[in-house]
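**Q** Quick one, what's the 3D model for this:
(chains A and B)
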Amino acid sequence: GAVVSQHPSWVICKSGTSVKIECRSLDFQATTMFWYRQFPKQSLMLMATSNEGSKATYEQGVEKDKFLINHASLTLSTLTVTSAHPEDSSFYICSALPAAGGFSGANVLTFGAGSRLTVL
Amino acid sequence: DAKTTQPTSMDCAEGRAANLPCNHSTISGNEYVYWYRQIHSQGPQYIIHGLKNNETNEMASLIITEDRKSSTLILPHATLRDTAVYYCIVRADSWGKLQFGAGTQVVVTP
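**A** Residues are numbered from 1 along each chain as shown, chains lettered A, B, ... in the order given. Below you'll find the predicted structure:
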């Protein structure tokens, strides 16, 4: 089945530094990937839609200059948390939509295992 | 996308069937019903999806009412490893993104 890999699984950084999280579709091409954030005991919140070769589309209230998204190839999207602060500590999860199925409602999204960010 | 309503929590005995309800009374004709689950500190895992007909796979069965305003996910023989938060989501055709609600916390007990 479809596999999505995230790296790193967890990262600890100092306040003010930037952190990059990678999301890779291992056995399929994905023109569209989605980034979510999840705080403890809360549900997943969609942050942005990442489209290969074009600018990401951010959900309302998500700072695009804070969360930089790059989707440079059909198998890789990256999320960079710039100038991270303790309030950015969260569980970041990506998902990928197989290109072969297009935007059909029957095309299943596969999620990565998540990346836990702790900012000290 | 249509919103969904699920119970906050459910308990289930190991080995018994778990029936998880979901209401989606404002669902549109082109919206699919999806079920995912999230085990603690992991990414969501796809379970099953359907449009109009009932569906079954190796993990679960999905029963959708004729008017499509509600559905039930059935885990036929719950195990301890099925303890997770289960999310029912409706997703429009022609659009990929999923918006997650609060889900149902299912606890399977011995």
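**Q** Residue A:64 reaches residue A:57, doesn't it?
**A** No - when contacts are counted by Cβ atoms under 8 Å, residue A:64 is not listed as touching residue A:57 (9.3 Å). Quick note: C-beta positions are derived from backbone N, CA and C, even for glycine.
**Q** Now for these two: what residues contact both?
**A** In terms of Cβ atoms under 8 Å, 6 or more residues apart in numbering or on different chains, residue A:64 and residue A:57 are both contacted by the residues residue A:48.
**Q** For residue 51, report the pLDDT, please.
**A** In the absence of a named chain, this looks at chain A. As predicted, residue A:51 sits at a pLDDT of 89.
**Q** Correction: the question concerned chain B.
**A** For residue B:51, the predicted pLDDT is 93.
**Q** which residues pair with the closest residue to it other than its chain neighbours across the strands?
**A** The shortest distance from residue B:51 to any non-neighbouring residue, by Cβ to Cβ, 6 or more residues apart in numbering or on different chains, is to residue B:32 (5.2 Å). Per DSSP bridges, the residues bridged to residue B:32 are residue B:91.
**Q** cool, residue A:49 as well?
**A** Taking DSSP bridges as the rule, residue A:49 bridges to residue A:34, residue A:57.
**Q** That one contacts residue A:55, doesn't it?
**A** No - between residue A:49 and residue A:55 there is no contact, the gap being 10.1 Å when judged by Cβ under 8 Å.
**Q** Between the two, which is the more surrounded one?
**A** Neighbour totals were compared for residue A:49 and residue A:55, and residue A:49 leads with 19 against 12 (other Cβ atoms under 10 Å in any protein chain shown).
**Q** Enumerate every residue touching the more buried one.
**A** A:32, A:33, A:34, A:56, A:57, B:96, B:97.
**Q** Now with 7 Å, please.
**A** By Cβ atoms under 7 Å, 6 or more residues apart in numbering or on different chains, residue A:49 lies in contact with A:32, A:34, A:56, A:57, B:97.
**Q** Taking these, please make a PyMOL selection of just the buried ones.
**A** Entered in PyMOL, the line below selects the buried ones among those, by 16 or more other Cβ atoms under 10 Å in any protein chain shown:
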select buried, (chain A and resi 32+34+56) or (chain B and resi 97)
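**Q** tell me the mean pLDDT over stretch B:67-76?
**A** Summarised as a single mean, pLDDT over stretch B:67-76 is 97.
**Q** tell me which residues of that stretch are tucked away?
**A** Buried, per 16+ other Cβ under 10 Å, within stretch B:67-76: B:68, B:70, B:71, B:72, B:73, B:74, B:75.
**Q** Name the residues of chain B found near chain A, please.
**A** B:30-32, B:42-44, B:46, B:49, B:91-103 (Cβ under 7 Å from any Cβ of the partner chain).
**Q** In helices, which of these fall?
**A** Secondary structure from DSSP state H places none of these in helices.
**Q** Derive a PyMOL selection command for the buried subset of those.
**A** To isolate the buried subset of the residues of chain B next to chain A in PyMOL, counting by 16+ other Cβ under 10 Å, use the following:
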select buried, chain B and resi 31+32+43+44+46+49+91+92+93+95+96+97+98+99+100+101+103
